[in-house]
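A.B. asks: predicted model, plus sequence, below.
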Amino acid sequence: MAEPTRPSTNPADAKRDAAIAILDLITDQIASIRAQDTYEVSQFTSRTRDLAYAFRLVSGGPQPGSVELEK
């Protein structure tokens, strides 16, 4: 049996691990939607939009509707 991993105390590692987990979730969700017999585009776009928003929050990128200031 594999030994359980301990959470990293390094914020950069934790951020990377969270981004990888979100990307895995996005991939799984898209595959499950496409595998359905009744594939609805609205359901696909809604879930994809929500997961992309979650990824941007984790990665620290600009958010839709945010104000960007340049020097």
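C.D. replies: Everything's here; your move. Numbers count the residues shown, from 1 in each chain.

A.B. asks: which element, helix or strand, includes the nearest residue to residue 51 once chain neighbours are set aside?
C.D. replies: In space, and not counting its chain neighbours, residue 51 is closest to residue 26: 4.5 Å by C-beta to C-beta, 6 or more residues apart in numbering. Where you see a C-beta, it was placed from the backbone N, CA and C, and this is true even at glycine. Assessed by DSSP states H and E, residue 26 sits inside helix 11-35.

A.B. asks: so what touches that helix?
C.D. replies: Here helix 11-35 makes contact (C-beta atoms under 8 Å, 6 or more residues apart in numbering) with 7-8, 39, 43-44, 47-48, 51-52, 54-55, 58-60.

A.B. asks: return the subset of those residues lying in strands.
C.D. replies: Among the contacts of helix 11-35, no residue falls in strands (DSSP state E).

A.B. asks: circling back to that earlier point, so which bits of the helix holding residue 26 are buried?
C.D. replies: By neighbour count on 16 or more other C-beta atoms under 10 Å, the buried set for helix 11-35 is 22, 26, 33.

A.B. asks: the second one and residue 12: what is the separation?
C.D. replies: Applying C-beta to C-beta, to the nearest Å, the value for residue 26 to residue 12 is 21 Å.

A.B. asks: where does this structure dip in pLDDT?
C.D. replies: Within the chain, the stretches with pLDDT under 70 are 1-8, 61-71.
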